[in-house]
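Colleague: sequence first, then the predicted structure, then my questions.
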Amino acid sequence: MSDDQTGCTAGRPLSVEAIERAEAELGSSLPEALRAVYVSGDGRYRDDGEWWVLWPLARVVEDTKAGWKNGSLPHSAVAFGDDGTGDPFCIETDEAGSQVVLRWSAIDGTAVGNEGAVEDFLRRWCGPPAQRK
């Protein structure tokens, strides 16, 4: 399903129950702004760059848990996408109402960029759709 506001292709909408199951598996709740994105679609795929800017929720759980286990990601953050080079996008889960998206270095294990609020992040990384003829 195409998301005309972002120019990305969104996966099928997810139920609140599906998101709650993923949160239970993570042992951490997603911030409301990110939950809302997943309710509207399971990830966002960039056709022109051929990568998932926002991963499907199953991958969020898998990659976040792997990052926690290998120490490349702090337990206070959830990885939910990447910049196309392997550096994940993360959001803090230990702050109530957190909406700041960080670009995380998979190599250094540190934040290398602040992408702003979830809405700003979506606008920047998914961008508006190309002009249609």
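Modeller: Cool, the structure landed.
Colleague: surely E119 meets L34?
Modeller: No: under the criterion of Cβ atoms under 8 Å, E119 makes no contact with L34, lying 10.8 Å away. Bear in mind the C-beta positions are built from the backbone N, C-alpha and C, glycine included.
Colleague: so between these two, which is more surrounded?
Modeller: Taking neighbours as other Cβ atoms under 10 Å, E119 and L34 compare with L34 leading, 22 against 13.
Colleague: quick one: secondary structure of the more buried one?
Modeller: The three-state label for L34, taken from DSSP: H, G, I helix; E, B strand; the rest coil, comes out as helix.
Colleague: same thing with C90?
Modeller: Of the three states, C90 takes strand under three-state DSSP.
Colleague: tell me who's in contact with the closest residue to it other than its chain neighbours.
Modeller: For C90, the nearest residue in space outside its immediate sequence neighbours is A77; the separation is 4.2 Å by Cβ to Cβ, 6 or more residues apart in numbering. The neighbourhood of A77, defined by Cβ atoms under 8 Å, 6 or more residues apart in numbering, consists of T64, C90, I91, E92, T93, L102, W104.
Colleague: dump these into a markdown table; add neighbour count, distance to G7 and pLDDT as well.
Modeller: Shown next, in a markdown table, are the contacts of A77 (neighbours: other Cβ atoms under 10 Å; distance: Cβ to Cβ, whole Å; pLDDT from 0 to 100):
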| residue | neighbour count | distance to G7 | pLDDT |
| --- | --- | --- | --- |
| T64 | 24 | 26 | 96 |
| C90 | 24 | 23 | 95 |
| I91 | 23 | 21 | 93 |
| E92 | 16 | 27 | 88 |
| T93 | 21 | 28 | 84 |
| L102 | 21 | 22 | 94 |
| W104 | 24 | 24 | 93 |
